[in-house]
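**Student:** below are the sequence and a predicted model for it; my questions follow.
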Amino acid sequence: MPELVFFSGTMDCGKSTLALQIGHNRSARGLQGVIFTRDDRAGEGKLSSRLGLVTEAVEAGEGMDLYAYLVAQLSQGGRADYVIVDEAQFLAPDQIDQLARIVDDLDMDVFAFGITTDFRTKLFPGSQRLIELADRIEQLQVEALCWCGARATHNARTIDGEMVVEGAQVVVGDVNRPAEEIGYEVLCRRHHRRRLTSAAARAGALSPDVLPVNHA
């Protein structure tokens with residue numbers, strides 16, 4: 001039976017790489033898929049992984065009806081055997097409903113990939129709706145690591161290397177951006193609660209303790 005599957009995890013845990021691998025495996029078996037993405041780091045209409053792999057995709061912009069897009073493609077003689085959606089957390093809840101309808105009415109598997117919570121530890125609306133509707137939720141097995149070496153469980157937004165907890169929910173960035181730019185970092189819960197990023201930890205390590213010195 002076709003399924004709506006939600007592959008979730010923090011940033012930097014290989015979601016986009018797995019999405020590309022699933023597409024490759026099915027393509028190798030003669031299947032054709034439609035890939036949707038939203039606000040990918042590589043630009044509009046791209047699905048990219050941090051390993052350097054990139055493929056073309058359909059930009060699922062705000063207000064786009066994903067179900068209607070598939071129906072139009074099929075009505076015009078196109079073929080689609082499955083659907084892959086990357087950055088699914090950025091989709092609106094009604095677009096997630098459309099993905100469920102693709103599974104139920106068009107008998108296609110839909111594989112959605114996304115992070116569950118934002119830099120404030122709040123659920124993205126798209127991810128929340130996927131949790132509510134998905135036939136299956138898969139936690140990715142590649143563990144992203146905090147700077148301390150512990151398993152990373154939270155996404156942090158940084159500005160000039162400092163963690164921030166206020167601002168718009170969606171600001172496109174990357175874990176590989178320079179510290180002086182808006183970027184993202186994955187942290188364990190302890191260091192997310194303490195707002196202790198890798199840059200802050202390095203700064204602390206480079207600051208020597210001042211000891212009293214007695215001059216004769």
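**Tutor:** Thanks, I have it.

**Student:** doesn't Leu196 lie inside a strand?
**Tutor:** No - Leu196 is assigned coil when assessed by DSSP: H, G, I helix; E, B strand; the rest coil, not a strand.

**Student:** can you map out the helices along the protein?
**Tutor:** Secondary structure of the chain by DSSP state H: the helices cover 15-28, 66-75, 93-106, 125-133, 189-193, 198-206.

**Student:** dump those to TSV, plus mean neighbour count and distance to Ala57.
**Tutor:** Glycine gets a C-beta too; all of them are placed from N, C-alpha and C. Shown next, in TSV, are the helices of the chain (neighbours: other C-beta atoms under 10 Å; distance: least, C-beta to C-beta, whole Å):
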stretch	mean neighbour count	distance to Ala57
helix 15-28	17	9
helix 66-75	15	12
helix 93-106	19	15
helix 125-133	20	16
helix 189-193	17	30
helix 198-206	13	31
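
**Student:** low-confidence regions, the chain specifically.
**Tutor:** By pLDDT under 70, the low-scoring segments of the chain are 42, 50, 141, 169-180, 205-216.

**Student:** at 80 what do you get?
**Tutor:** Within the chain, the ranges that satisfy pLDDT under 80 run 10-14, 39-46, 48-54, 140-143, 161, 166-182, 204-216.

**Student:** tell me who's in contact with the residue nearest to Arg157 when sequence neighbours are not counted.
**Tutor:** Excluding the flanking residues, the one nearest Arg157 by C-beta to C-beta, 6 or more residues apart in numbering is Phe119, at 3.8 Å. Listed by C-beta atoms under 8 Å, 6 or more residues apart in numbering, the contact set of Phe119 reads 155-157, 164-165, 167, 184.

**Student:** what about Phe119, distance to Ser198?
**Tutor:** As judged by C-beta to C-beta, to the nearest Å, Phe119 and Ser198 stand 15 Å apart.
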